[in-house]
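**Q** Got a predicted structure here, sequence first:
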Amino acid sequence: MRVQWLGEKEKASTRRLWEMMFPEDTARFLDYYYKEKTKDNRIVAIQADGDLRAMIHLNPYRLTAMGRMVSADYYIAVSTEEKYRHRGYMTTLLREAMEDGRKKGSPFAFLIPADPAIYEPFGFRYVYSPRSLQMAAGSPCLRRTDRAVKANLGGHEDGSSQLKVGISELKSAGDCREAADLAGACLSEKCELYALRDEAYYLRLSKECQAEDGGLLGWRNREGALKAVLAYTLTQETVEIREPLAKGSDQEVWRTLLEELSDRHPEKELHIFGLLPGMETACVQRRPSIMFRVLDVPVFLECCPGDAREHYLKVKDDFLPENSGCYVRRQDASSGRCRAGRIEEEEFQKARLRGEDAREMSAEELLALIAQEEIFLNEVV
């Protein structure tokens, strides 16, 4: 058994294991993934008996967290070939991946678990429950766009047909740049922790969706300004919709894009994931989806909401013992941002005797410090 970080020319060798472990993914999707996502991701794997038997793909994301930029890896394709399970391979790979992220200064890693019980022993906990919505074909919910909104955005009060003049697929670099600008404005207004969306992000997302018979759909007003955008893919029975985004008072216009997709695919249900806070509608559901794992304690603490007080923490981390120790978090008077650093045990105990906020916490308990209602992470790969 040998642990290895795969080089660029070796990454394609994991496709055999992917196809074996995730047979639901189409060849077209995997063609996209191995052409696009492996350009900048990292893969750690275990080789045994002459082939790769276990792997984790670490897909990098740039995140905005409390106004600062950080990097974090999204773990996907976490898998072990069936006859090689129960040998400690996944424990070895998770430790390797997490220690690598900690050394790079990543505040946390995140993943969507097939079964949360697999990851809980390694310190992962649910922190994010995205808002989602399911609509049956022809649902009356799709016909409730507010009249005032239609008039404000250049439509007519007697229906949505004039709005649809402004609907188009977004494919060009210019389209994706505009989508990124709109997304940035939406997310900075509503969220404290989210993946940065730039032109490259939306160009890649467009390719990702096209690999599953979808794309990016946008709506422009009379002046040509992009006012709403969403990403969608198709399955045999559903239209899978991600992140219908529109800013401020324009938020209701995303319903018009849903109407368009419903008209194009009248036999399919609409499954909508990643509604922004404030996009209120009937039948919204919340279900735990993404688990986090703290990797670098000081950087993580700086990504959490704070106040003017000093907060002292004694952290215990059994899986990543390098994280164990005492820390203080302070708010910088000039910038208003939090700063955190390691301190000696003696300083922590003195703070406790003074009656300061001095708590002992596990690495898992630290995750409760995140403002969960202000997270927005809806990445697929």
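**A** Thanks, I have it.
**Q** Now the element after the helix or strand where residue 350 lies, going C-ward?
**A** For residue 350, the host element (DSSP states H and E) is helix 345-353. For helix 345-353, the following helix or strand on the C-terminal side (DSSP H and E) is strand 357-362.
**Q** just to revisit the earlier point, residues contacting the helix holding residue 350, please?
**A** 310, 312, 313, 314, 325, 326, 328, 358 (Cβ atoms under 8 Å, 6 or more residues apart in numbering). In short, each C-beta sits where N, CA and C put it, glycine included.
**Q** how close does the first one sit to residue 358?
**A** Put plainly, it is residue 310. Separation of residue 310 from residue 358 (Cβ to Cβ, to the nearest Å): 9 Å.
**Q** Would you mark the buried spots in the longest strand along the chain?
**A** If you go by DSSP state E, the chain has its longest strand at strand 51-65. Using 16 or more other Cβ atoms under 10 Å as the test for burial, strand 51-65 gives 52, 53, 54, 55, 56, 57, 58, 59, 61, 63, 64, 65.
**Q** Would you mind identifying the next helix or strand past that strand?
**A** strand 68-80.
**Q** same question for that next one, mean pLDDT?
**A** Here strand 68-80 scores 97 as its mean pLDDT.
**Q** Each with direction, which strands does that strand pair with?
**A** strand 51-65 (antiparallel), strand 108-111 (parallel) (DSSP bridges).
**Q** among the ones you listed, which is nearest residue 166?
**A** strand 51-65 (29.0 Å; Cβ to Cβ).
**Q** Extract the C-alpha trace of that closest one and format it as CSV.
**A** Output of strand 51-65 as CSV, limited to C-alpha atoms (Å, rounded to 0.1, in the frame of the first residue of the first chain):
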residue,chain,number,x,y,z
ASP,A,51,-3.5,-0.3,-9.3
LEU,A,52,-5.3,2.7,-7.6
ARG,A,53,-7.7,1.4,-5.0
ALA,A,54,-8.8,4.5,-3.0
MET,A,55,-8.9,8.2,-3.8
ILE,A,56,-10.0,11.7,-2.8
HIS,A,57,-10.3,14.5,-5.3
LEU,A,58,-9.6,18.0,-3.8
ASN,A,59,-11.3,20.6,-5.9
PRO,A,60,-10.1,24.1,-4.9
TYR,A,61,-12.4,27.0,-4.3
ARG,A,62,-11.7,30.7,-3.5
LEU,A,63,-14.1,31.8,-0.8
THR,A,64,-15.2,35.1,0.6
ALA,A,65,-15.5,34.8,4.4
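**Q** from the chain's centre, how far out does that strand sit?
**A** 13 Å (Cα atoms, centre = their mean, to the nearest Å).
**Q** who touches stretch 26-33?
**A** 15, 18, 19, 207, 208, 210, 211, 212, 381.
**Q** With mean pLDDT as added columns, please give the strands paired with strand 68-80 in a markdown table.
**A** Output for the strands paired with strand 68-80, formatted as a markdown table (pLDDT from 0 to 100):
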| stretch | mean pLDDT |
| --- | --- |
| strand 51-65 | 97 |
| strand 108-111 | 98 |
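**Q** Identify the single longest helix in this protein, thanks.
**A** helix 173-190 (DSSP state H).
**Q** Pretty sure residue 106 sits against residue 297.
**A** No: look at residue 106 against residue 297 with Cβ atoms under 8 Å: they stay out of range, at 11.5 Å.
**Q** more crowded one of those two?
**A** residue 297 (27 against 23; other Cβ atoms under 10 Å).
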